[in-house]
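Asks: Dropping the sequence and predicted coords here.
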Amino acid sequence: MEAAILILTLLFVAFVGLGVYVSVKAVAAAKRGVDRTISQARRTVEETTLRAKSYGQGGLAGELAQLRLSLRTSMRSTQSALNEGVRQDASLSESIGLFQRLSAHGHELDDELKHLERDPDRARVAERMPDLRERTERITHAADSLRWAARDRARQFADDDLTALSAQIEVESGALRDWSKSSWPEPAPADESPAAGAGSRAGSGSGSGSGPATGPAPAPVTPTLADPQALTGAEPLRQAEYPWQKTARPESTT
């Protein structure tokens, strides 16, 4: 009795622990989903604001917004291209490592540009603009190089696979066209039908034999047609005809 109670208690504790674990995992997954949604919404609002500033405002504010928008667009496009490409090409993992190091410089520059948008000292901001343009160009150029290299690699793999497939199809097509007329059975001449041959052989045997005949020749067996009622269908099954088959000639009745 005590053993049964102990087993039930352990099972209860195990089920409670499993329930708590599943609940914690579900809450964590829901929290990550909510955080991801909030981050995407915040990023969308911020990029919409940057587009509005870059097209609607002039001067330093519009130029800073344009630099931030260019930087974020290039980095996001490269990240998406590498993450999609590494699923099919594991060699892109090293490129992802390089991009992560580049992303650190990109985040640092984006934060600096964001702070300079609210800086009231416009003269100092104007002095920093040449350096900010150069850094933005270097980072975006590096990100674009990684992205286009990954796309060129994927396209080259696709072209190689298509070339190999085309070569195999050409070989198979050539093999399918390599037929020979000698492979088809030639029809027998009309004067050498089985009935004529059997008759000639019988005639030659009776004329050339020196001994007496052993008995009268057996009567020919007349084929009988099957009873139509015994057929399961309305018409008997006919053999499939093909365009290259010749129509059978009727045997001579003479």
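Replies: Happy to help now that I have it.

Asks: my guess is Val86 meets Ile96, correct?
Replies: Yes. Contact criterion CB atoms under 8 Å: Val86 and Ile96 qualify, at 6.1 Å. Just so you know, the C-beta spots here come from the backbone N, C-alpha and C atoms, and that holds for glycine as well.

Asks: so where is the stretch 1-150 of the chain shaky, pLDDT-wise?
Replies: 31, 34-36, 39-40, 42-43, 45, 47, 56-57 (pLDDT under 70).

Asks: Which residue ranges of it form helices?
Replies: 2-56, 59-85, 93-117, 122-177 (DSSP state H, counting those that start in this stretch).

Asks: Need those in CSV (columns: mean neighbour count).
Replies: Below are the helices of the stretch 1-150 of the chain laid out as CSV (neighbours: other CB atoms under 10 Å):
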stretch, mean neighbour count
helix 2-56, 11
helix 59-85, 18
helix 93-117, 15
helix 122-177, 13
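
Asks: quick one: contacts for Glu112?
Replies: Contact analysis of Glu112 by CB atoms under 8 Å, 6 or more residues apart in numbering lists Leu132.

Asks: Quick check: the gap between it and Asp161.
Replies: Taking CB to CB, to the nearest Å as the measure, Glu112 falls 45 Å from Asp161.

Asks: Next: Gln66.
Replies: From Gln66 to Asp161 the distance is 41 Å (CB to CB).

Asks: With Leu82 instead?
Replies: 21 Å.

Asks: try Leu8
Replies: 61 Å.

Asks: One more: Leu92?
Replies: 17 Å.

Asks: Next: Glu170.
Replies: Counting by CB to CB, the gap from Glu170 to Asp161 is 15 Å.

Asks: ditto for Ala41
Replies: The gap separating Ala41 from Asp161 is 40 Å, by CB to CB.

Asks: Ok, Thr78 next?
Replies: Distance of Thr78 to Asp161, given as CB to CB: 25 Å.

Asks: Show residues contacting stretch 48-61.
Replies: Where contact means CB under 8 Å, 6+ apart, the residues beyond stretch 48-61 that reach it are 62, 65-66, 68-69, 72, 117, 122, 125-126, 129.

Asks: Tell me the one among these nearest to Thr136.
Replies: Arg68 (8.5 Å; CB to CB).

Asks: Not counting its neighbours along the chain, what's nearest that closest one?
Replies: Excluding its sequence neighbours, the residue lying closest to Arg68 (CB to CB, 6 or more residues apart in numbering) is Leu113, at 4.9 Å.

Asks: so what's that neighbour up against?
Replies: 64, 67-68, 71, 132, 136.

Asks: ok, how many other residues are close to Leu92?
Replies: 22 (other CB atoms under 10 Å).

Asks: Make 38 the first number, not 1, from now on.
Replies: That works, and once the first residue is 38, the last one we named lands at Leu129.

Asks: That one against Gly122, yeah?
Replies: Yes. Counting by CB under 8 Å, Leu129 does reach Gly122; the two are 5.0 Å apart.

Asks: Report the set of residues contacting both of the two.
Replies: In contact with both Leu129 and Gly122: 187, 190, using CB under 8 Å, 6+ apart.

Asks: quick one: low-confidence ranges for the stretch 188-291 of the chain?
Replies: If you take pLDDT under 70 as the line, the stretch 188-291 of the chain has these spans: 216-291.

Asks: same thing but at 90, please
Replies: By pLDDT under 90, the low-scoring segments of the stretch 188-291 of the chain are 188, 190-198, 211-291.
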